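# prediction below, plus the sequence it came from.
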Amino acid sequence: MQTSTLLQFSPATATKELITFEGARVARSAYNAKYRTLSANGSLIESVCMPGIAETRRTPGRKVAVDLAGLLVFPGLINAHDHLDFSLFPRLGKGPYPSWREWAADIHHREQSSIEECLRVPHETRLWWGGIRNLLSGVTTVSHHNPYQPQIFKLGFPVRVLSEYGWAHSLAGIQKVVERFVQTTEDWPFILHLAEGTDQVSQREFDLLEQHLPLDERLVLVHCVGLTPEQWERVTRTRTGIVWCPSSNLYTLGGTLTAEQVLKLPNVALGTDSSLTASGDLLDEVRFVYDELRVPAPFIYDLVTVKAAQLLRLKRGEGTLQTGAKADLIVVKDRQLTPAETLVQMSWHDIELVMEGGRIVLLSAALSERIPSELKEGMEWILIDGVRRLLRAPVQKLLRQSSLNPEQTPAISGRKLTLSGDKQSPGWTHQPSLDAAASIGWNDGYPQVMNLRDDCH
């Protein structure tokens, strides 16, 4: 196995101090936010109390108070479906296509040079940018649709990547899908793409799946654009999980699930899919669903918090801000609206602070001034389209490894990434992948854009 090129990065664990956030409204549900003092101790939320009460609690160790006056605290968002290693890629293809198969064949024919250019960036570096793409939009937990990479995702990665899951890309090779399902721990979700198309082949996939696997809450199906009304009825009745990726579906297939379909599903969440086909980050997806597809704001709020936690079988209180839950939270400017109304108007520009598992992993330039220096140790500045953010990530190394030439600036979701406001910084040179070669390979019947060394089988 190749040694990590980013191992010198010194990640922070959850702080040992009791961090008390004061003066903000704290989201309690999609409809409700109250002025509360929220305290995080280690990786967990210790208390959410009325102002003046939390201070009387006797907790050993040092206490740090952070003034969040004028701000609103949300639970960290959950992205139910992403391909992290594609985040430096532009949108590819000229759809709509009958299914993902035609899309894949077309981009390999038309866009070979763009694919090869992005593949020159090391795989680990591309995964890190995928984590940062999610972090910038307030995501603290993401479901990556590929094998879990412990040597990367456990080394101070800026967001939590789901590790307790089973998966298959799609139904290509049904016996392998069944084998993986049987091998998956019973209380983990089993995730696969299904019916990602509008043709008859995609439509028949659900019937094939039903012949081989039980339909229940454990099964999580991504896309499902090609299902018939009768198939949808069986999905609803069995509480089978669905991940909705609307902007990706519309770009690739020319269609997606309707708001009426999604509102009837008992077990559903929102995902971005990859930058190859999606419109941007999770907040872009949220606004798209609200503005264009007319899904109610409270339901959208649940799609990226409590419903996503339920679908992915998360067990540590993710998607909520309550005593004893994992200390995942984001902070934004308070518009004096409900949490749901605020969420559907937000973009990545509005994220002031992100905490994941008790670690502060993102700060805006303005809020950084309120945070004690010891809580920012090891973080690095970056400019995203000229906007400064302080990230718990090896930004300088990532930028060096992502620059294909001195004239080209790397970008995620179309947003340019630079250091200190310059297109290049001292020592800015491209460091090519350590892999012997990079190409397009086949992964479970799906033409993946990947390095040859990636063990995706």
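Nice, thanks for sending it over.
# what is the end-to-end distance of stretch 296-307?
Stretch 296-307 has an end-to-end distance of 15 Å (CA to CA, to the nearest Å).
# list of residues touching it?
Stretch 296-307 is contacted from outside by 30-31, 75, 77-79, 244, 262-263, 267-270, 282, 286, 289-290, 319-320, 338-341, 343-344, using CB atoms under 8 Å, 6 or more residues apart in numbering. C-beta coordinates here come from the backbone N, C-alpha and C atoms, glycine included.
# only the buried subset of those residues, as a ChimeraX command please.
Selection of buried members from those for ChimeraX, criterion 16 or more other CB atoms under 10 Å:
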select :30,75,77,78,79,244,262,267,268,269,270,282,286,289,290,319,320,338,339,340,341,343,344
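# strands - which of the contacts of stretch 296-307 land there?
75, 77, 78, 79, 244, 268, 269, 270 (DSSP state E).
# tell me which two of those residues sit farthest apart.
Taking CB to CB, the two most distant members of those are 75 and 244; they sit 19.6 Å apart.
# how far away is residue 41 from residue 325?
12 Å (CB to CB, to the nearest Å).
# more crowded one of the two?
More crowded of residue 41 and residue 325, by other CB atoms under 10 Å: residue 41, with 22 against 18.
# flag the shaky bits of this protein, pLDDT-wise.
1-15, 54-61, 404-407, 420-457 (pLDDT under 70).
# give me that answer again for 80
Within the chain, the stretches with pLDDT under 80 are 1-16, 52-62, 155, 404-408, 420-457.
# and the helices in the stretch 301-450 of the chain, which stretches?
Under the criterion DSSP state H, counting those that start in this stretch, the stretch 301-450 of the chain contains helices at 306-311, 339-343, 365-368, 395-402.
# just tell me which of those ends up closest to residue 156.
helix 395-402 (12.6 Å).
# which helices and strands does that closest one pack with?
Applying 3 or more CB pairs under 8 Å, 6 or more residues apart in numbering; DSSP states H and E, one finds that helix 395-402 contacts helix 123-136, strand 380-384, strand 415-418.
# now do the last one: which elements does it pack against?
In terms of contacts (3+ CB pairs under 8 Å, 6+ apart), strand 415-418 is packed against strand 380-384, helix 395-402.
# roughly how far does residue 107 sit from residue 91?
10 Å.
# which neighbours do the two share?
Joint contacts of residue 107 and residue 91 (CB under 8 Å, 6+ apart) are residue 276.
# the more surrounded of the two?
residue 107 (23 against 20).
# is the more buried one in contact with residue 93, as I believe?
Yes - contact criterion CB atoms under 8 Å: residue 107 and residue 93 qualify, at 5.1 Å.
# spit out the residues that contact those two alike.
With CB under 8 Å, 6+ apart, residue 107 and residue 93 have common neighbours residue 276.
# can you show me the helices along the stretch 51-200 of the chain?
So, for the stretch 51-200 of the chain - with DSSP H, counting those that start in this stretch - the helices run 100-110, 112-119, 123-136, 150-153, 174-183, 200-212.
# for residue 20, which of these is the nearest?
helix 123-136 (23.2 Å).
# on that earlier part again, mean neighbour count, the helices of the stretch 51-200 of the chain: which tops it?
Stretch with highest mean neighbour count among these: helix 123-136 (a mean of 26; mean count of other CB atoms under 10 Å).
# how about the strands of the stretch 351-457 of the chain, start to end?
351-356, 359-364, 380-384, 387-391, 411-412, 415-418, 438-443, 446-451 (DSSP state E, counting those that start in this stretch).
# so which of these gets nearest residue 126?
strand 446-451 (9.0 Å).
# how deep is residue 187 tucked in, by neighbour count?
Residue 187 - counted by other CB under 10 Å - has 9 other residues nearby.
# same thing with residue 38?
Neighbours of residue 38 (other CB under 10 Å): 25.
# who are the contact partners of it?
Contacts of residue 38 (CB under 8 Å, 6+ apart): 20, 21, 24, 26, 45, 47, 48, 54, 73, 321, 329.
# next, give phi and psi for the residue nearest to it when sequence neighbours are not counted.
Closest residue to residue 38 apart from its sequence neighbours, by CB to CB, 6 or more residues apart in numbering: residue 21 at 4.7 Å. Main-chain torsions, residue 21, degrees, to the nearest 10: phi -100, psi 120.
# equivalent analysis for residue 25, please.
phi -80, psi 140.
# quick check: it vs residue 367, distance?
16 Å.
# what's the burial count for the closest residue to residue 135 other than its chain neighbours?
Leaving out its chain neighbours, the residue that sits closest to residue 135 by CB to CB, 6+ apart is residue 158, at 4.7 Å. Using other CB under 10 Å, residue 158 has 23 neighbouring residues.
# got it, and the one 3 residues further on?
Applying the criterion other CB under 10 Å, we find 23 residues in the vicinity of residue 161.
# list the beta-bridge partners for it.
residue 142 (DSSP bridges).
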